[in-house]
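Participant: I would like the atomic coordinates for the input below:
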Amino acid sequence: MAEPSKVIHVRNVGHEISENDLLQLFQPFGVITKLVMLRAKNQALLQMQDVSSAVNALQFYTNVQPSIRGRNVYIQFSSHQELTTMDQNAQGRGDEPNRILLVTIHHMLYPITVEVLHQVFSPHGFVEKIVTFQKSAGFQALIQYQARQSAVTARTSLQGRNIYDGCCQLDIQFSNLDELQVHYNNDRSRDFTNPNLPTEQKGRTSQHPGYGDAGGMYTLEAHGAGAVGFPQMPNAAAITAAFGGGLPPGISGTNDRCTVLVSNLNPDRIDEDKLFNLFSLYGNIVRIKLLRNKPDHALVQMGDGFQAELAVHFLKGAMLFGKRLEVNFSKHLNITQGADTHEYVNSNLNRFNRNAAKNYRYCCSPTKMIHLSTLPQDVIEEEIVNHLAEHGTIVNTKLFEMNGKKQALVMFETEEQATEALVSKHASSLGGSIIRISFSQLQTIRENSQ
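Facilitator: Okay, here's the model as predicted:
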């Protein structure tokens, strides 16, 4: 094994793995000062702030196989003790800079149009042409700058960032095309050097040979996330780190369908907020729609495909209000906002806006035991029992303090009773505090339970 170094060598870094994926994999171990992607070799070099941080990362991943976007990556100490300017310049080899960028949008919760892309990319130089299309990799765009250096600057600045807060992540590569051919100026393609192109004949979709289908799958709609910002977003690498470097059995980590169809609900007792309380255990909720023509059906749009996969995996067959839930991926990419949808994208009750890695670790199927937090400091067990007793037989309770804050464990007779208590009383008020409820993976309550 190479001598310990603060530089880590990562192998089997596929083209689908971004710089941000690697950052998320190693950030739990310390500050990362430099990152070089060696695309031609499917490798990367990553420099930690100090040797001890790199040693901690290597020791952890010696026992746990690191995986990013379903691909195993392999790590070791680099023969370099420090990344130099020459090493960093090697990043472009095999990824030849070009004035045309190929952009793939991941976690696309909002429609992306030419206008949106122009707003994002034009600060880095004059954008001549944009073409958008749908391919097997997802929604993609080709963006042609007037100058190659503008494309280089844009890729460096925008790679791995989000167009909207928490979604629409940019994955940017240099294209091998020399010139884009644009036939129409509309929401899907635009030649900014030729404003006189037609918008296309009504009812006809524009085709761009060699690019893909630029048809009307996505249309511009009003929504509240209009400001373009670029916060970082936890992704597959952070998720695998949260699960100890791997994924739970039965979870692929490759699903990109965000919307879940829930059926066999009890229409007399279910509502959108109760569904939110249940499904928000597995990810952030964008919106929920109860199907009026099928009262026992609902659509739930999760924050991304991985969160939807967790919900389907852990909730399929769960009992709630006397019904066994059917939970499957929907054929709909997303839920169209309307009068019959409930919006949760900006809700401060979404659990994964903070401490996402911790919330992923706590994901599990419904259990008999629920965990209560954010309780009032003067709460007593009798108040907790009275607050929850209508939902079933409480077998045991335990009130305790952690980090100076009151928490509790409550065990019901069945998983269904605990699930009913959670969906009904999460985010309810107890003693003036809004309480949070989740399932606990503990099997029993002991005197020293924490």
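Participant: How about residue 148, nearest residue that isn't a chain neighbour?
Facilitator: Spatially, and ignoring its direct neighbours in sequence, residue 148 is nearest to residue 99 (4.3 Å; C-beta to C-beta, 6 or more residues apart in numbering). The way it works is simple: take the backbone N, C-alpha and C, and place the C-beta from them, glycine included.
Participant: is it true that that neighbour touches residue 154?
Facilitator: No - no contact is recorded between residue 99 and residue 154 when judged using C-beta atoms under 8 Å, the distance being 10.1 Å.
Participant: Run through the protein and note the low-pLDDT ranges.
Facilitator: Across the chain, the ranges flagged by pLDDT under 70 are 1-2, 40, 84-95, 135-138, 165-166, 200-248, 253, 447-450.
Participant: Name the residue closest to the centre of it, please.
Facilitator: Residue closest to the average C-alpha location in the chain (C-alpha atoms, centre = their mean): residue 304, at 4.6 Å.
Participant: how close does it get to residue 429?
Facilitator: From residue 304 across to residue 429, the span is 31 Å (C-beta to C-beta, to the nearest Å).
Participant: how many neighbours does residue 316 have?
Facilitator: Look at residue 316: counted by other C-beta atoms under 10 Å, it has 14 neighbours.
Participant: Would you agree it is in contact with residue 310?
Facilitator: No - in this structure residue 316 lies outside contact range of residue 310 using C-beta under 8 Å: 11.1 Å.
Participant: tell me, what's touching residue 99 and residue 154 both at once?
Facilitator: A shared contact of residue 99 and residue 154, defined by C-beta atoms under 8 Å, 6 or more residues apart in numbering, is any residue touching both; here these are residue 145.
Participant: so residue 327 sits in a strand?
Facilitator: Yes - going by DSSP: H, G, I helix; E, B strand; the rest coil, the assignment for residue 327 places it inside a strand.
Participant: List the contacts of the helix or strand that contains residue 386.
Facilitator: For residue 386, the enclosing helix or strand under DSSP states H and E is helix 381-388. Here helix 381-388 makes contact (C-beta under 8 Å, 6+ apart) with 372, 375, 394, 397, 399, 408, 410, 421, 425, 428, 430-431.
Participant: re earlier: separation between the spatially closest residue to the residue nearest to the centre of the chain that is not a sequence neighbour and residue 83?
Facilitator: Counting by C-beta to C-beta, 6+ apart, the nearest residue to residue 304 once its immediate chain neighbours are dropped is residue 107, at 4.4 Å. Summarising the geometry, the distance separating residue 107 from residue 83, computed by C-beta to C-beta, is 30 Å.
Participant: do residue 172 as well
Facilitator: Residue 172 sits 22 Å away from residue 83 when distances are taken as C-beta to C-beta.
Participant: next one: residue 59
Facilitator: 21 Å.
Participant: Repeat that for residue 181.
Facilitator: When C-beta to C-beta is the yardstick, residue 181 and residue 83 sit 40 Å from each other.
Participant: Now do the phi/psi pair for the residue nearest to residue 290 when sequence neighbours are not counted.
Facilitator: The shortest distance from residue 290 to any residue that is not its chain neighbour, by C-beta to C-beta, 6+ apart, is 4.9 Å, and that residue is residue 298. Its backbone dihedrals place residue 298 at phi -150, psi 150, with angles given as degrees, to the nearest 10.
Participant: And residue 37, by the same measure?
Facilitator: The phi and psi values for residue 37, taken as degrees, to the nearest 10, are phi -100, psi 120.
Participant: Now that it has come up, it's in contact with residue 13, right?
Facilitator: Yes - shown here, residue 37 and residue 13 form a contact pair, counting by C-beta under 8 Å, at 7.1 Å.
Participant: so what sits against both of these two?
Facilitator: With contacts defined as C-beta under 8 Å, 6+ apart, the residues adjacent to both residue 37 and residue 13 are residue 44.
Participant: Span of stretch 310-324 from start to end?
Facilitator: In terms of C-alpha to C-alpha, to the nearest Å, the two terminal residues of stretch 310-324 are separated by 18 Å.
Participant: Mind listing what's buried along it?
Facilitator: Using 16 or more other C-beta atoms under 10 Å as the burial criterion, the residues of stretch 310-324 that qualify are 310-315, 318, 320-321, 323.
Participant: and which of those residues is nearest to residue 280?
Facilitator: Minimum distance to residue 280 across those is 9.4 Å, recorded for residue 311 (C-beta to C-beta).
Participant: Can you check my assumption that the closest one lies in a helix?
Facilitator: Yes - using three-state DSSP, the secondary structure at residue 311 is a helix.
Participant: thinking again about what came up before, for the buried residues of stretch 310-324, could you give me a markdown table that also reports distance to residue 260?
Facilitator: Listed next are the buried residues of stretch 310-324 as a markdown table, based on distance: C-beta to C-beta, whole Å:
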| residue | distance to residue 260 |
| --- | --- |
| 310 | 10 |
| 311 | 6 |
| 312 | 6 |
| 313 | 11 |
| 314 | 11 |
| 315 | 9 |
| 318 | 13 |
| 320 | 15 |
| 321 | 18 |
| 323 | 16 |
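Participant: quick one on the thing from earlier: residue 181 and residue 83: which is more packed in?
Facilitator: Counted by other C-beta under 10 Å, residue 181 and residue 83 do not tie: residue 83 has more neighbours, with 19 against 13.
Participant: give the contact list for that one.
Facilitator: Applying C-beta under 8 Å, 6+ apart to residue 83 gives the contacts 7, 34, 36, 45, 47.
Participant: what's the neighbour count on the residue nearest to residue 148?
Facilitator: One way to gauge burial is a neighbour count; for residue 99, by other C-beta under 10 Å, it gives 21.
Participant: ok, it - contacts?
Facilitator: Each residue near residue 99 by C-beta under 8 Å, 6+ apart is listed here: 144-148, 150-151.
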